[in-house]
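In: task: produce atomic coordinates for the following.
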Amino acid sequence: MSQIQKSPQPPRTELPPGPGTPAVPGPRRREGARCAAWRGDISASVVVFLLAVPLSLGIALATGAPLQAGLVAAAVGGIVAGLLGGAPLQVSGAATGLLVVTADLVQRYGWRATCAITVLAGLAQLALGAVRVARAALAVSPAIVRGMLAGIGVTIAVGQLHVVLGGGPDGSAVDNAVALPGQLTHPHAAALAIGAVTVAVLAGWPRLPGRVGRWARLLPAPLAAVLAATAVAAATVPGGTPGGSWGSVQLPSWRLPELPVLPDASVAAVAAAVLTVTLVASTESLLSAAAVDRLATERPGAPAARPQLNRELAGQGVANIVSGLVGGLPVSGGAIGGSANVRAGAATRRATVLHGVWVLLCAGLLAGVLELIPLTALAALVMVAGVRMVGFAHLRHVQRHREFPVYAATLGAVVLLGVLQGVLTGIAVGVFLALRRLTRTRVAVTEEDGGHRVRVSGQLTFLAVPRLTRALALVPPGAHAAVELCGSFMDHTAYEALQSWSATHRASGGRVSLGGHSGRPVAEPAGAHACHPWTPWRNHHCTRPAPDRATPHESSGSQLLGGISAFQRHTAPLVREELARLAREGQRPTQLFLTCADSRLVTSMITSSGPGDLFTVRNIGNLVPPPGSDASCDSVGAAIEYAVDVLRVGSITVCGHSGCGAMAALLGSPAEPAAATPLARWLRHGRPSLARMARIGRLGRGEVALGERPVADDQERLALVNVRQQLDHLRAHPSVARRMAEGSLTLHGMYFHVAEAQAYVLDEPSGWFHAVHADARMARV
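Out: Have a look, this model is predicted:
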């Protein structure tokens, strides 16, 4: 503590919030931040309100519930879930994912019974939140969740297409699909025109070009589509019959809601209905909360608080209880509203709550305006939402993880049987595939010079022992046998079988070498693998060649060969598919990472990055020669130009480190050496950093400091100054300056202390490097 107190620090009121170390702003700045947050929240609440009203009416229409039930759900979701939930920027309301389930409940049990099921589902969510199972819900396979949502989307789209064509939906997706050809041959012209206009505006509104498009996109596409469809309806079918599918919204007069009544059904049927609503609403809400949180963290100055998923689940439960009691649809969080809320600039939960207040005022004061909306427009709106729920972008990810059968089975079962049955089908298929992969073991015996090789691929469990023993029996007595295990797991039964056969074969005069795919001897399966990917070669047993493979000229070069061999055996099978995709699609990194060539800096380990993430430039001292400084130094400039102009990276990071040899060399020779060796010529680009440190002095004069501790010595101080100086060199490059002027490129400074394994990120306005803590989320670099 005494060391920290002695370190020079600027006044607390002047330190802007740095990553991992939030500052305490002064009163004037605090007041300005509050005003900015209020402005952002009010603006976002209006945008979400304009989006929620037509969607809520459309969902209510598609379920067969009273139209005002959608508005009630939007208001309750905004106010109740907004106040009590654990995801502040999440927007809750009438649930698109529950549309099919709710429509079936209304048709089967009636509206008041559906409200009772909504209340019971809310109580179940409240209990689940209390026992803290929200994180476990996210462990469900994404293929099952995507398949469930896609099946619901298909059902919605096919059913609402009938309404757009001028008819009415049937009770099931199969009946709707069978009746669709007949409906297509006899469409209603006015309804089709209104629906076509709605779909066209929804599809084209986000793609409007130029300045007109930027201004137009301030109005949400669903609202623009409904306004256009209302204008077309007024021009084509004036005085249309309200009861027809091309008619308009009819909101009954507001009155106190009737109390829910329990369905006239068996306990098992009611429990299944409550379980289905709880499952779909909870899954949709939690996944949406996670997606909105990821979107929010991408904004500059994003809050560090993670969403509290158990609180969010409990808040959704309270919202469903209230919604059911006052005659509203089931409520859940939705990614559509949440993403619109974040993009519109919402800062706190006030935006969500205010949107619910605006919906409530609209329902009470603007009912006459809402009754101008044609029902076909709402049906088209919901139909497009259903199509988007299917989504084709995620199919590539599902296929990459070999889970397409799970996805397809869930989707098909949801469409044919129902949501709960579809989810159970997906789980069953997923378990079957997991067991199949566990038992899918291949054993191959090949004859080689001087012996036989038995190669076992896959997990070696007791189920594969018969296949293994049949293969081992093919090895002639007295022969040399090399058994190579390429799986990641072997149980005791398989281990005992291998050891027993080895003892018998050796007794008959044969030789046996039993090893894993790294060449190491096979040990008892209870022992854990001791090597990690970041282990240095000298401590990494998997890179040591087996004794029987060693050569008389073995040297340090064998470590490199051993490392490559370990990669081919351990890592290549895991990354081959991803690397093949990158080879097909080309590299698309988002970051240029410029750092020192020091062997102790493993960029992929420090940044937790993988193939295709970073475009990396490494040199001695992480130096950036200014443009035009020396024709022999074009390598770094060429890499910068390629990354900025060709790859279109979004950010560049310059990373220095502790114990840098280049900084020590600069400090050891204050004057430029007379001998112009390649190293001396290169280090000339670091001399501006040395001069800058001499100018600002030992105290840093506000230009460089560490947020958590004093700077250790001149070598560390020069490394920090050098990061700032090289960022200035970067800004002098024309391509960098141009992209920064466009606002499409950001520069960042970073310092890595090797001994502490601690990364520090530069806050340029203050010159302070702040430590990145394990429990703190940083603005994206």
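
In: so who does the nearest residue to residue 356 once chain neighbours are set aside touch?
Out: In space, and not counting its chain neighbours, residue 356 is closest to residue 78: 2.2 Å by CB to CB, 6 or more residues apart in numbering. Where C-beta positions appear, they are placed from N, C-alpha and C, glycine not excepted. Going by CB atoms under 8 Å, 6 or more residues apart in numbering, residue 78 touches 52, 91, 92, 93, 352, 353, 354, 355, 356, 357, 359.

In: how does it look with 7 Å?
Out: 91, 92, 93, 352, 353, 355, 356, 359 (CB atoms under 7 Å, 6 or more residues apart in numbering).

In: helices - which of these land there?
Out: 352, 353, 355, 356, 359 (DSSP state H).

In: residue 765: which of these is nearest?
Out: Closest approach to residue 765 among the ones in helices among the contacts of residue 78 (CB to CB): residue 352, at 31.8 Å.

In: excluding chain neighbours, what is closest to the closest one?
Out: Closest to residue 352 by CB to CB, 6+ apart is residue 82, at 3.5 Å.

In: cool, and residue 132?
Out: Nearest one to residue 132, counting by CB to CB, 6+ apart, is residue 310 at 4.7 Å.

In: can you classify that neighbour by secondary structure?
Out: Judged by DSSP: H, G, I helix; E, B strand; the rest coil, the three-state class of residue 310 is helix.

In: how near is it to residue 316?
Out: Distance, residue 310 to residue 316, by CB to CB, to the nearest Å: 11 Å.

In: same check, this time on residue 169
Out: Distance from residue 169 to residue 316, by CB to CB: 28 Å.

In: let me see the contact set for residue 696.
Out: Contacts of residue 696 by CB under 7 Å, 6+ apart are residue 703.

In: pLDDT score assigned to it?
Out: What the model reports as pLDDT for residue 696 is 78.

In: looking at the ones in helices among the contacts of residue 78, spot the one nearest residue 59.
Out: Using CB to CB, the shortest approach to residue 59 within the ones in helices among the contacts of residue 78 belongs to residue 359, at 13.2 Å.

In: that older thread, between residue 310 and residue 316, which has more neighbouring residues?
Out: Neighbours were tallied for residue 310 and for residue 316 using other CB atoms under 10 Å; the higher tally belongs to residue 316 (38 against 18).

In: counting neighbours, what do you get for residue 684?
Out: Around residue 684 there are 17 residues (other CB under 10 Å).

In: next up, phi/psi of it, please.
Out: The phi and psi torsions at residue 684 (degrees, to the nearest 10) take the values phi -60, psi -30.

In: give the rounded mean pLDDT of stretch 735-746.
Out: So the average pLDDT for stretch 735-746 ends up being 90.

In: restricting to C-alpha, output that stretch in PDB.
Out: Presented in PDB, the C-alpha positions along stretch 735-746 are these (Å, rounded to 0.1, in the frame of the first residue of the first chain):
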ATOM      1  CA  SER A 735      -3.900   4.400 -44.800                       C
ATOM      2  CA  VAL A 736      -4.300   4.400 -41.000                       C
ATOM      3  CA  ALA A 737      -5.000   8.200 -40.900                       C
ATOM      4  CA  ARG A 738      -7.600   7.800 -43.600                       C
ATOM      5  CA  ARG A 739      -9.500   5.000 -41.900                       C
ATOM      6  CA  MET A 740      -9.300   6.700 -38.600                       C
ATOM      7  CA  ALA A 741     -10.800   9.800 -40.100                       C
ATOM      8  CA  GLU A 742     -13.700   7.700 -41.500                       C
ATOM      9  CA  GLY A 743     -14.200   6.300 -37.900                       C
ATOM     10  CA  SER A 744     -13.700   2.700 -39.100                       C
ATOM     11  CA  LEU A 745     -10.400   2.100 -37.400                       C
ATOM     12  CA  THR A 746      -9.200   2.400 -33.700                       C
END
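
In: contacts for it, please.
Out: Outside stretch 735-746, the residues that touch it by CB under 7 Å, 6+ apart are 640, 641, 644, 645, 650, 651, 730, 731.

In: again, but for stretch 38-52
Out: With contacts defined as CB under 7 Å, 6+ apart, stretch 38-52 is touched by 74, 91, 93, 220, 222-223, 337, 340-341, 344-348, 350-351, 354-355, 358-359.

In: for the residue lying closest to residue 383 once chain neighbours are set aside, report the pLDDT, please.
Out: Excluding its sequence neighbours, the residue lying closest to residue 383 (CB to CB, 6+ apart) is residue 160, at 3.8 Å. Per-residue confidence (pLDDT) for residue 160: 80.
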